[in-house]
Structures are given as structure tokens and as C-alpha cells.
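Chemist: mind folding the following:
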Amino acid sequence: IQKSGDKMTAEHYYPDLQGKKTWLFGNASVLRNSQGDIIGAIESVRDITDKKIAEIELKKAKEEAEAAERVKNTFLAIICGRRSIRFSVFRKSWQKIKAFHGNIRNMQP
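Modeler: Residues are numbered from 1 along each chain as shown. Below is the predicted model of the structure:
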């Protein structure tokens, strides 16, 4: 509950007996007469369930995207860091293939 002057606002989660999730947002302000005396209150309550569910899903999607970004960055760091090693291994393998091919060529009459 937040209070600012004569106005109060609140947002709260209410599960019903069937397990349905409901979020409500309420406003309440005092009602005064011309002399400034409190004579009542004006209240409103809104169902903000759809908004809250969307916020939760958005937060989850953001967390999943951030996790995927971290995995991608780690993968790229590994690949980029080992690129010279891969080319070195490839170069050695290519030299072996060329030598083998040359040996076969030399064996032919």
C-alpha cells in the first residue's frame, strides 16, 4: 500500500478457491466537503491480471534471451580464441594428406 497525501494505492495478488490467479489494483481518495471535512471516500478497483501475466512472461522471455546471449558469447569466445589452433591442426592434416598423395603418385610406374 502506498499513501500520498489523501490518496492510497495498492496492488495485490488474490488466488481464488479454484486456483485462478487474480491481481487487483485499487485507488482510494478521501472526499471532503466545502469546509474540508472528510465526508467519505472514492474508491476504484481494477482487475490487472492480464497486465501482470504479460509482465511475468516478458520478464521470463528477457531472462531466457539474456541466458542465450551469454551462451552465444561464450561459444564465440571459445571459437575465436581457438581459431589459430584449428588452422594449425588443419594445416598439419593437409600436409599429411599431400604427403600421402605424393607417396601414392611416386608408387605408380
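Chemist: so which strand or helix has residue 72?
Modeler: Here residue 72, judged by DSSP states H and E, is contained in helix 49-107.
Chemist: list phi and psi for the residue lying closest to residue 29 once chain neighbours are set aside.
Modeler: Excluding the flanking residues, the one nearest residue 29 by C-beta to C-beta, 6 or more residues apart in numbering is residue 7, at 4.7 Å. C-betas here are computed from N, CA, C, even on glycine. Phi and psi for residue 7, reported as degrees, to the nearest 10, are phi -110, psi 140.
Chemist: OK, contacts around residue 7?
Modeler: Residues in contact with residue 7 (C-beta atoms under 8 Å, 6 or more residues apart in numbering) are 27, 28, 29.
Chemist: what separation is there between the second one and residue 69?
Modeler: With distances taken as C-beta to C-beta, to the nearest Å, residue 28 is found 43 Å from residue 69.
Chemist: number of residues surrounding residue 59?
Modeler: 10 (other C-beta atoms under 10 Å).
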